[in-house]
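> Turn this into a structure:
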Amino acid sequence: MDQSGVLLWVKAEPFIVGALQVPPPSKFSLHYLRKISTYVRIRATEGAYPRLYWSTWRHIACGKLQLAKDLAWLYFEIFDSLAVKTPEERLEWSEILSNCTSEEEVEKQRNQNWNDYSHQAFVCDHLSDLLELLLDPEQLTASSHSAHSSLVSREAVVALSFLIEGAVSRARKIHPLHELALWPPLHAQSGFSKVSKTFSFYKLEAWLRACLTGNPFATSACLKSGKKLAWAHQVEGTTKRAKIACNSHVAPRMHRMVVMSQVHKQTLAKSSDTLVGAHVKIHRCSESFIYLLSPLRSVTIEKCRNSTFVLGPVQTALHLHSCDNVKVIAVCHRLSLSSTTGCVCHILTPTRPLILSGNHTVTLAPFHTHYPMLEDHMARTGLATVPNHWDNPMIVCRENSNTSVFRLLPPCEFYVFVIPFEMEGDTTEIPGGLPPVYQKALGQREQKIQIWQKTVKEAHLTKDQRKQFQVLVENKFYEWLINTGHRQQLDSLVPPVAGSKQAAG
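Okay, the predicted model is just below:
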């Protein structure tokens, strides 16, 4: 490593994926967090420290913090989603859960086994508190605060690498915080002692504050210096305000970001390596149809309206915030919604959808589409067809737990969704199929169409009558397209004229 200086930044993923977008329970205060920190260290031999197991967390959360068991598991599971696991491990866990026949079996298995500037500001504002929570009990004063002589263990700094990483300036290699803090030329600044194998609390804190800077791979950096994306399908003429950028040309794979802002009256489609494993931020898009058909790391859809988003499998979190009349179609590890109105989510998910604060008329429906590479993309993200909890949401908000905030889509309103693009691949049907009641509704509708066709055939219309009848049907269909808004979607699928600057990839 070059000694020309160190830059540290706050990781985006713990905030994008791991932060629950609701105010924490009242007992999640620093006072109680310090007590928990001491409690788990004392019970290290019982599976409480340095890794906290579900049985211990359940005892703390339900017994001492008075959380409901479902909410306690929610916090535990969200944190677990940040752990580095292979797709095969996540698929194995889905299979284990799907084979459980009772809540007791599920419990047994559990025991075994947005804004990046605000992220930085949060960590800087609470850095002293974070470090104090990582101190061993004997390093704290009677009031549970640090002393001038407090020492931070190596293990504590390794734990802090969960939040902070960095690089030596002018070098592209990214290091976890503890590697930089333990680098011999930096011992004097980071406060590490070779003798005690610990860090001086105050030197470590001062060094962290001096080195912390903006995340070079976060949303703001992507918008500022990201590369403009090329699209497989794009309607021209209405993209003047749109900002669509990615950082894949400079970011390591785990730090990929795609930002889409102010897309208006567009149909955009993309499936490429640029999207694979990326965190996607979609902001202020309206009256558009957007297809992102690649395996994605996370997706945040914010302040969008009157739009449809068809997504490849989302490995971690799919979150909607402040959206109106938005339809989302996706396989995802977790779905959450906050401050939305009239949104429809066709979802396949192994976890309960989270309905947070401020939502109105949320509609949940089964996943109802496919594209040729879908099952391959699901395998790459560790997502299976079972268990599937699309219809069992969890209401997590302080104002009330009123189930009238959501509804399950009535079968009579259900239609399958056809993705109108050709791709290579083996998936030819909806993964996992449809729930029987929805499959039955489709069968009944198909039967009505056959009866109608038979009726027309048996009417023995003359040639002129057939022409007149065809015009009548086409006119009614045209009216339906306009009234439902589907005409815009069909018009936007017309291939671009020859010579237009379109690119796939």
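> Give me the helices and strands touching the host helix or strand of Thr363, please.
Using DSSP states H and E, Thr363 sits within strand 362-366. Packing partners of strand 362-366 (3 or more C-beta pairs under 8 Å, 6 or more residues apart in numbering; DSSP states H and E): strand 344-348, strand 406-408. Using the backbone N, CA and C atoms, a C-beta is placed for each residue, glycine as well.
> how about those strands in CSV, adding distance to Leu8 and mean neighbour count?
What follows is those, written out as CSV (distance: least, C-beta to C-beta, whole Å; neighbours: other C-beta atoms under 10 Å):
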stretch, distance to Leu8, mean neighbour count
strand 344-348, 37, 23
strand 406-408, 42, 16
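> need the ones you listed in CSV with mean pLDDT, can you?
As requested, the helices and strands packed on strand 362-366 are exported to CSV (pLDDT from 0 to 100):
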stretch, mean pLDDT
strand 344-348, 98
strand 406-408, 96
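> Would you convert the ones you listed into CSV that also reports distance to Asn325?
Output for the helices and strands packed on strand 362-366, formatted as CSV (distance: least, C-beta to C-beta, whole Å):
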stretch, distance to Asn325
strand 344-348, 8
strand 406-408, 15
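> Show the contacting residues for Asp426.
Asp426 is in contact with 372, 375-376, counting by C-beta atoms under 8 Å, 6 or more residues apart in numbering.
> Could you export those as JSON lines, including distance to Ala156?
As requested, the contacts of Asp426 are exported to JSON lines (distance: C-beta to C-beta, whole Å):
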{"residue": "Pro372", "distance to Ala156": "48"}
{"residue": "Glu375", "distance to Ala156": "43"}
{"residue": "Asp376", "distance to Ala156": "41"}
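> What is the least confident helix or strand in the chain?
Taking mean pLDDT, DSSP states H and E as the measure, the chain has strand 233-234 as its least confident helix or strand, at a mean of 56.
> Mind giving me the packing neighbours of whatever helix or strand comes next after that strand?
In the C-terminal direction, the helix or strand that comes right after strand 233-234 (DSSP H and E) is strand 243-246. Under the contact criterion of 3+ C-beta pairs under 8 Å, 6+ apart, strand 243-246 touches helix 219-225, strand 227-228, strand 257-261.
> follow-up on the earlier one: just the angle between the strand holding Thr363 and strand 344-348, please?
In terms of direction (axes from the mean of the first three to the mean of the last three C-alpha atoms, to 10 degrees), strand 362-366 departs from strand 344-348 by 30 degrees.
> ok, back up a step: ok, which of the helices and strands packed on strand 362-366 comes nearest Lys467?
Ranking those by their distance to Lys467 (criterion: C-beta to C-beta) puts strand 344-348 first, at 38.5 Å.
> Please compute how far the closest one lies from its chain's middle.
14 Å (C-alpha atoms, centre = their mean, to the nearest Å).
> again with stretch 392-409
For stretch 392-409, the distance to the chain centre is 20 Å (C-alpha atoms, centre = their mean).
> same deal with stretch 160-179?
24 Å.
> sorry, back to before: TSV for the helices and strands packed on strand 243-246, including distance to Phe421?
TSV is the format used below for the helices and strands packed on strand 243-246 (distance: least, C-beta to C-beta, whole Å):
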stretch	distance to Phe421
helix 219-225	26
strand 227-228	21
strand 257-261	18
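> So which of those is nearest Ser94?
strand 257-261 (26.4 Å).
> partner strands of the closest one, parallel or antiparallel?
strand 243-246 (antiparallel), strand 279-283 (parallel) (DSSP bridges).
> Counting by contacts, list what the helix or strand following it packs against.
On the C-terminal side of strand 257-261, the closest following helix or strand by DSSP H and E is strand 267-270. Packing partners of strand 267-270 (3+ C-beta pairs under 8 Å, 6+ apart): strand 233-234, strand 289-292.
> What average pLDDT does the last one get?
Going back to what we said before, that points to strand 289-292. The pLDDT scores in strand 289-292 average 94.
> need the contact list for Ser339.
321-322, 356-359.
> Just the terminal-to-terminal distance for stretch 352-360.
18 Å (C-alpha to C-alpha, to the nearest Å).
> buried stuff in stretch 185-204?
186, 189-192, 198-204 (16 or more other C-beta atoms under 10 Å).
> Tyr371 against Ile419, yeah?
Yes - between Tyr371 and Ile419 there is a contact at 4.8 Å, judged by C-beta atoms under 8 Å.
> ok, which stretches of the stretch 101-250 of the chain are strands?
151-153, 164-168, 175-176, 192-193, 198-200, 212-213, 227-228, 233-234, 243-246 (DSSP state E, counting those that start in this stretch).
> what about the first one, distance to the chain center?
What separates the centre of strand 151-153 from the centre of its chain is 34 Å, taken as C-alpha atoms, centre = their mean.
> can you offset everything so residue one is 795?
In the new numbering, first residue 795, that becomes strand 945-947.
> Model confidence for Ala838, exactly?
Predicted confidence (pLDDT) for Ala838: 79.
> Would you check that it makes contact with Tyr847?
No - counting by C-beta under 8 Å, Ala838 does not reach Tyr847; the two are 11.5 Å apart.
> quick one: which of those two has more around it?
Taking other C-beta atoms under 10 Å, Ala838 and Tyr847 do not tie; Tyr847 has more neighbours (17 against 11).
> rewinding a little: give me whichever of the helices and strands packed on strand 1037-1040 is most buried.
Mean neighbour count (mean count of other C-beta atoms under 10 Å) peaks for strand 1051-1055 among the helices and strands packed on strand 1037-1040, with a mean of 24.
> give me the number of residues near Ile1243?
Neighbour count for Ile1243, taken as other C-beta under 10 Å: 9.
> again but with Glu899, I slipped
13.
> For the spatially most central residue of the chain, list the residues it contacts.
Centroid-nearest residue in the chain, with C-alpha atoms, centre = their mean: Ala1111, separated by 2.0 Å. Taking C-beta under 8 Å, 6+ apart as the criterion, Ala1111 is in contact with 810-811, 875, 1092-1094, 1126-1128, 1130.
> Just flag the most distant two among those.
Ser875 and Thr1094 (14.9 Å).
> of these two, who's got more company?
Neighbours per residue (other C-beta under 10 Å) separate Ser875 from Thr1094, with Thr1094 holding more: 21 against 18.
> pretty sure that one is touching His1115, no?
Yes - applying C-beta under 8 Å, one finds Thr1094 in contact with His1115, separated by 7.2 Å.
> related to what we said a few turns ago, compare the contacts of Asp1220 and tell me which is most surrounded.
Glu1169 (20 neighbours).
> now the closest residue to that residue other than its chain neighbours, what's its secondary structure?
Spatial nearest neighbour of Glu1169, excluding adjacent residues (C-beta to C-beta, 6 or more residues apart in numbering): Thr1221 at 4.5 Å. In terms of secondary structure, Thr1221 is coil; the call rests on DSSP: H, G, I helix; E, B strand; the rest coil.
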